[in-house]
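Enquirer: give the three-dimensional model of this entry:
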Amino acid sequence: MTRIHKFKTLTAALALTVLAPLAAQAQAFPDKPITFVVPFAAGTATDQIARALGNQVAAESKQSVVIDNKAGASGFIASQYVAKANPDGYTVLITTNTTHAANEHLYKKLPYDPVKDFAPVTGLGKGGQIMVVNPSFPAKSVMEFIAAAKKEPGKYSFGSGSSSSRMAGELLQQMADIKLLHVPYKSNTLAVTDLLGGQIHMMITDTATGLPQVKGGKLRALGMSSAARSPLAPDVPTIAEAGVKGYEMGYWFAAYAPAKTPPAVIKRLNELLVKAARSEEARNAFYAPTGTEVFTTTPEEMASFQAAETQKWGRIVKGAGIEAE
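Expert: Purely as a prediction, here's the structure:
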């Protein structure tokens, strides 16, 4: 046996020695409970999708899934927590465009890197938002609201508890040429509470949070932020067709693991989450009731989608003239 041949044989043996434990780890994954970390409060759309998918992943993997809500700071707390977690696949961030496309344009410094600190697993869903006001507000349509705002610039407020919600309001101001007072919240559910109480005048929130209040007669719907009407609220026009031509603003959900999570583990997580998202149980528990579109991807497709979305959100933030905090 030549020296070169011996070297190649030794190299191959060493590679097998290193890779064997990783392969065994991936094959056994998961063999203990998985934690889904959610950057927003219980009851939000992100929390709802995490719980719906968690139930299905638990059923498929025969391991429990724990939902850990780490709300606040625009998703900083949860994102930083997962970024620093052990990269073994047992800590997964169930998040939105807030943490992984918008925040880097809204804040001068992030305590996490949306790209370098994470391994994309899959997309989970896409959805539109609903523009709602307190029933006591005189406006019965988008254009009536715009007319009121133009008559008294800066008098009326809009709340937001996510970047999607905030950007929807900022984009409306930009395209309708109105001036509103922005009131930030830790979550959309908290903003809705103040909207119900009359502390703020309007918000554009995810349908999972806003539509139940509309159907319960507690809020009035003026328009949908999506390109098409929602099948859950067919009588509510889109903001674009109501008079703000070209207006469109949606949101998306995705799953991320810490960077350096073994590819085989990422692959298994992808399989579990994609199957969960496409299940009839998840459709009935979350997707159908909230009007959310199932959106699943490979890890590579999610990375490309995130990059494109980050550029798009950057353009919106710049167009709205928002200064990074």
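Enquirer: tell me which residue is most central in the protein.
Expert: In the chain, the C-alpha nearest the mean C-alpha coordinate belongs to Thr96, at 1.8 Å (C-alpha atoms, centre = their mean).
Enquirer: hmm, Thr46 and that one touching each other?
Expert: Yes - look at Thr96 against Thr46 with C-beta atoms under 8 Å: they come within range, at 5.7 Å. In short, each C-beta sits where N, CA and C put it, glycine included.
Enquirer: find residues that contact each of the two.
Expert: The contact sets of Thr96 and Thr46 overlap at 39, 253 (C-beta atoms under 8 Å, 6 or more residues apart in numbering).
Enquirer: quick one, what contacts the closest residue in space to Glu170 that isn't next to it in sequence?
Expert: What sits nearest to Glu170 in space, not counting adjacent residues and going by C-beta to C-beta, 6 or more residues apart in numbering, is Ala320, at 4.0 Å. Shown in contact with Ala320 (C-beta under 8 Å, 6+ apart): 167, 170-171, 173-174.
Enquirer: give me the neighbour count for Trp281.
Expert: For residue 281 the amino acid is Glu, not Trp. 13 (other C-beta atoms under 10 Å).
Enquirer: and it, that's in a helix?
Expert: Yes - counting by DSSP: H, G, I helix; E, B strand; the rest coil, Glu281 falls inside a helix.
Enquirer: from Asp88, how far out is the nearest residue to it once chain neighbours are set aside?
Expert: For Glu281, ignoring the flanking residues on the chain, the nearest one in space by C-beta to C-beta, 6+ apart is Gln56 at 5.8 Å. Distance from Gln56 to Asp88, counting by C-beta to C-beta, to the nearest Å: 21 Å.
Enquirer: ok, Pro234 next?
Expert: Distance, Pro234 to Asp88, using C-beta to C-beta: 46 Å.
Enquirer: neighbour count: these two, which is higher?
Expert: Set Pro234 next to Asp88 and count neighbours by other C-beta under 10 Å: Asp88 wins out with 16 against 9.
Enquirer: how near is that one to Ile266?
Expert: 11 Å.
Enquirer: ok, Ile204 next?
Expert: On the measure of C-beta to C-beta, Ile204 and Ile266 end up 34 Å apart.
Enquirer: quick one: which of those two has more around it?
Expert: Ile204 (29 against 22).
Enquirer: contact partners for that one?
Expert: 129-132, 158, 160, 165, 168-169, 172, 225, 249.
Enquirer: give me the phi and psi angles of it.
Expert: phi -120, psi 110 (degrees, to the nearest 10).
Enquirer: check it and give its pLDDT.
Expert: Listed pLDDT for Ile204 reads 96.
Enquirer: try Leu232
Expert: 89.
Enquirer: ok so it is a strand residue?
Expert: No - if the criterion is three-state DSSP, then Leu232 is coil and not within a strand.
Enquirer: thinking it is in contact with Thr207, fair?
Expert: Yes - counting by C-beta under 8 Å, Leu232 touches Thr207, with 6.5 Å between them.
Enquirer: for the two, indicate the residue with more neighbours.
Expert: Neighbour comparison, Leu232 and Thr207: the larger count goes to Thr207, with 26 against 18 (by other C-beta under 10 Å).
Enquirer: can you pull the contacts of that one?
Expert: 45, 127-130, 230, 232-233, 290-292.
Enquirer: farthest pair in the residues you listed?
Expert: Greatest spatial distance in the contacts of Thr207: Ala45 and Ala233, 15.3 Å, computed using C-beta to C-beta.
Enquirer: more neighbours: which of these two?
Expert: Higher neighbour count among Ala45 and Ala233: Ala45, with 27 against 19, using other C-beta under 10 Å.
Enquirer: distance of that one relative to Leu180?
Expert: Here the criterion is C-beta to C-beta. By it, Ala45 lies 23 Å from Leu180.
Enquirer: what secondary structure does the residue nearest to Glu281 sit in?
Expert: With three-state DSSP as the criterion, Gln56 reads helix.
Enquirer: and for whichever strand or helix holds Lys318, what are the contacting residues?
Expert: Taking DSSP states H and E as the definition, Lys318 sits inside helix 299-319. Contact partners of helix 299-319, identified using C-beta under 8 Å, 6+ apart, comprise 97, 100-102, 104-106, 114-115, 119-123, 163, 167, 170-171, 174, 249, 252, 254, 266-267, 270, 297.
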